[in-house]
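Student: when you get a sec, could you give me coordinates for this:
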Amino acid sequence: MESGQQSGLRKALRQSVGTLALALALASLSGPGGALAGPADAAARTRFDIAAQPLADALVQFTARTGIQFFVDGRLARDTRSAGAQGALSPREALTALLAGTGLTYRFRDADTVTIGPVDRTGAITPPEASETVLDEISVQGQSPTFGTTGFVARRSTAGMKSNTSILDTPAAVSVITREELDVRGVQDIQTAVAYTPNVKATDYPGGQGAPVFTIRGFRSINLQNVYEDGLRAGFNAYNQQIEPYAYERIDIIKGPASVLYGQGQPGGIVNLVSKRPSFIRSNEVSLQGGSYGRVQGTFDLTGPVEGSEQFAYRLTGLLRKADTQVAYTPDDRVFLAPALTWRPDADTSLTVLAKYGSYDRGGSEQSTPLLGSLNPGPLGRFRRDLFLGIPNFNKEAIETKSIGYILDHTFAENWIFHSSARFTDTSSDFNLVGANNGSVVKERFYKIIPYKRIQASQAILIDNHVEGRFDLLGFQHNVVAGIDYWRYQGRDRRTFSNDNILIDLYNPIYPASVSFPGAPNIVSDGRLSQLGLFVQDQIKVGGFILTGSVRQDYAKSKSINKLTGRLSSNNPDALSYRAALGYEFDAGVVPYLSYSTSFALNAGNRRNGSVLDPSEAKQIEAGVKYQPPGGNALYTASVFEITQTNVPTADPSAPGFLIQTGEAVSRGFEVEGKASLTDGLNMTAGYAYLDTKVTKDNVNPFTGRSNLGNRLPNAPRNTVSLFLDYAFPSSSVLAGLRAGAGIRYVGAATDITNIDRLPAYALVDASISYDLARLDPKWSGVTLSVNALNLFDQRYFSAGFYQGTGFEGFRRTIFGTVAYRW
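Tutor: Numbers count the residues shown, from 1 in each chain. Predicted coordinates for the structure are as follows:
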């Protein structure tokens, strides 16, 4: 049976690789004269429906359709009225229609940027009297997360440079998951959101227990250490945080060490979640969803200008879910609400206030399931797939999160902008948890579990202030970013362990009716973390060369107090991080680059002399190439890298229970990714990654008698392949209104850290279909029906568990239908 399964996986892999090769071959036809012709090619047409209105608003709608950026006097754009543009037009034709009768004209600076202004006697564009402004939805950098995205493709990202920089100019591998891609694939969780991104994996965890763990380029990040929201760290404790994908407009992933911009973190990279923000263009959406495991969910997303006040725009996003999961006795209920308000007093200033509230009710069993009896048959066969390794009447994950913050952008001089963002977060969690003793099975069928209560609360404040300036000096173009950021986190933890000795029969579970606890908690602790960072970066362009240099100094503090013993543990490390990169931009839209970067990460634990551990350090060398066909809606990237992490904590062989820092791990790999509109209506996201990880230094663990020297890192498959194609039938077709998509995700074999557990490769198929009911009757305008399927063929797959010999089963087949109304 296993041989047949492996044969099927090999066949699925061959098919996915063949499809990927075909898609990339089609993509190679893009460019002038190809399917992805540039703005000058009248054959590259997009359907526009832009009504007569102020020119500024008309240009915003044009940008939403094309991703093209404007340099224009903001006041002039708002005081000028456009006649609009309708029909299937090329970008140039649409611009000509928008500017007809205004006395203004346009000039393409490159494929993605256009200058607009009045014409002088010579026919040239007259420089505007006011400072030239980049016009996006908010008219200043950073305030329009959808800006620069069309379909599945993004052109710009602030996460990789802390400035509104082209992805081509960013000397790192950048992957962007746009809102349209999230919607088309029917993403309901962060794990599925990143599932098509090369060398990025979030452990599927249907049983609950907090936020997911990300593994990027082989390095595991816990407690949201490498997860950011709007450029600020998203959280500090996986047990009192959750991630709701519906809250975000896009997800930017920057590969490789990012300490030079963000401070401490694992060297694989960061995931930056970009919040939905108010728009001055009215847009509303409500939806109702139902499907597998009794899911019932409603959402709404409402945005537009505040009536009677053109300076303000609002957004109100919400979600309500009632659902069970594939694990028995385990719910997945949540309430999420995100109000936001933008104030734009003039073309140079924008202030957005963002608030979020989330309440999550899930299960409290860790579900680290024995592999013998689940992945592989045990002596008694396999146990049920919905097996619950907990106690039904003692099973709770109640998380409540509240946050409020702001994003301020102010252009204070020509080509100089001040950016400030801050957020305050308050979290609380109440868990009735069940863990395992050590993951072993007694008498081939009994599993020892340990119930305990865990109550936590935390507060965090984060702030980032930086200045960005663009100027020319002696023929060199500079883009300078300099600033300071700070965050402070404090958390309280209270745990009480049961004295009961409980065994669960894996094949015929009989759960205890009650659980007893001692009168006093076993653990009461307070912890505080903080970080202060100062950074400066300069990107210099001359000719086609792009030289990037960045440096950052961090001062970190950590303190932990055991309230029962009074023991204090503290550490005040500092670290210097830097990045240097060189690239060259060819006229054909090709940018090769070479970069070197470093990072650091704080460590928990003590040496035998009682001193705390120093930070781990990492360095990466990366070479890559990016290709964006001129005028086309596509982006292709390829990169090869080597990351070496040193000062890794390992067991002290002479002092059991303590640590020394002699460990080292190396990750080498290759990635290729493509996102494109191959033809009118056809979107693609595709990727391949090869990853070779190895523990290059380690000690013998005195408890197990084993060393991990030479082992692969956990949950780090050597090969992954992904491809998703989405096609919307044209309006002239008999199938007009129909949109269908399908994707395959192949994940190669992986291991746990001991390399004893072997987790086989798997291939998962996802599918989506939707229909615009307006095609049946105009009275149904704005109503769409859709069906999404995740893991369509219910393939069984696992990732490494908390204990050797255990694993987490991945998401089973999930199918849900959605009716949405947009107006």
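Student: how is this structure partitioned into domains?
Tutor: 32-135, 274-822 (automatic domain parsing).
Student: tell me the mean pLDDT over the first one?
Tutor: This means domain 32-135. For domain 32-135, mean pLDDT is 67.
Student: cool, and the longest one?
Tutor: Across domain 274-822, the average pLDDT comes to 94.
Student: for that domain, measure first residue to last.
Tutor: Start and end residues of domain 274-822 are separated by 22 Å (C-alpha to C-alpha, to the nearest Å).
Student: returning to that earlier point: okay if I get the domains of the chain as a markdown table plus mean neighbour count and distance to Gln242?
Tutor: No exception for glycine: its C-beta is placed from N, CA and C like everyone else's. Formatted as a markdown table, the domains of the chain follow (neighbours: other C-beta atoms under 10 Å; distance: least, C-beta to C-beta, whole Å):
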| stretch | mean neighbour count | distance to Gln242 |
| --- | --- | --- |
| domain 32-135 | 18 | 30 |
| domain 274-822 | 18 | 5 |
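Student: among those, which is nearest Pro206?
Tutor: Pro206 sits nearest to domain 274-822 of all the domains of the chain, at 5.1 Å, using C-beta to C-beta.
Student: quick one on the thing from earlier: same list (the domains of the chain) but as TSV, adding distance to Phe236.
Tutor: Formatted as TSV, the domains of the chain follow (distance: least, C-beta to C-beta, whole Å):
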stretch	distance to Phe236
domain 32-135	34
domain 274-822	5
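Student: can you tell which of those domains is closest to Val194?
Tutor: The nearest among these, by C-beta to C-beta, is domain 274-822 at 10.4 Å.
Student: about what we covered before: so which of the domains of the chain gets nearest Ile253?
Tutor: Of all these, domain 274-822 comes closest under C-beta to C-beta, at 10.1 Å.
Student: now the helix or strand hosting Asp57 - C-alpha only, PDB.
Tutor: In the assignment (DSSP states H and E), Asp57 maps to helix 55-66. What follows is helix 55-66, C-alpha atoms only, in PDB (Å, rounded to 0.1, in the frame of the first residue of the first chain):
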ATOM      1  CA  LEU A  55      -9.200  63.000 -11.700                       C
ATOM      2  CA  ALA A  56      -7.500  61.900  -8.500                       C
ATOM      3  CA  ASP A  57     -10.200  59.400  -7.800                       C
ATOM      4  CA  ALA A  58     -10.200  58.200 -11.400                       C
ATOM      5  CA  LEU A  59      -6.500  57.600 -11.300                       C
ATOM      6  CA  VAL A  60      -6.900  55.600  -8.100                       C
ATOM      7  CA  GLN A  61      -9.300  53.300  -9.900                       C
ATOM      8  CA  PHE A  62      -6.900  53.100 -12.900                       C
ATOM      9  CA  THR A  63      -4.100  52.000 -10.500                       C
ATOM     10  CA  ALA A  64      -6.300  49.400  -9.000                       C
ATOM     11  CA  ARG A  65      -6.800  47.800 -12.400                       C
ATOM     12  CA  THR A  66      -3.200  48.200 -13.700                       C
END
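Student: my read: Asp189 touches Gln242, true?
Tutor: No. Applying C-beta atoms under 8 Å, one finds Asp189 not in contact with Gln242, separated by 9.8 Å.
Student: more neighbours, those two?
Tutor: Gln242 (24 against 21; other C-beta atoms under 10 Å).
Student: mind checking what secondary structure the more buried one has?
Tutor: With DSSP: H, G, I helix; E, B strand; the rest coil as the basis, Gln242 sits in coil.
Student: which residues of the protein fall in helices?
Tutor: 2-27, 55-66, 74-79, 91-99, 179-184, 190-193, 259-262 (DSSP state H).
Student: if we can go back for a sec, and the domains of the chain: which comes nearest Ile177?
Tutor: The nearest among the domains of the chain, by C-beta to C-beta, is domain 274-822 at 8.3 Å.
Student: which of the domains of the chain sits closest to Ala238?
Tutor: domain 274-822 (10.0 Å).
Student: how close does Ile391 get to Tyr452?
Tutor: 11 Å (C-beta to C-beta, to the nearest Å).
Student: and for the two, which residues touch both?
Tutor: Val434 (C-beta atoms under 8 Å, 6 or more residues apart in numbering).
Student: mind listing the strands for the stretch 151-300 of the chain?
Tutor: 153-154, 156-157, 165-166, 174-178, 200-202, 214-216, 219-221, 227-229, 232-233, 248-255, 269-275, 283-291, 295-306 (DSSP state E, counting those that start in this stretch).
Student: who's in contact with stretch 649-666?
Tutor: 218-219, 603, 605-608, 613-614, 616, 642-648, 693-703, 713.
Student: so where do the strands sit in the stretch 301-450 of the chain?
Tutor: 309-322, 333-346, 349-362, 369-370, 396-413, 416-442, 446-473.
Student: may I see these organised as JSON lines, with distance to Leu76 added?
Tutor: Output for the strands of the stretch 301-450 of the chain, formatted as JSON lines (distance: least, C-beta to C-beta, whole Å):
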{"stretch": "strand 309-322", "distance to Leu76": "16"}
{"stretch": "strand 333-346", "distance to Leu76": "13"}
{"stretch": "strand 349-362", "distance to Leu76": "17"}
{"stretch": "strand 369-370", "distance to Leu76": "64"}
{"stretch": "strand 396-413", "distance to Leu76": "16"}
{"stretch": "strand 416-442", "distance to Leu76": "20"}
{"stretch": "strand 446-473", "distance to Leu76": "21"}
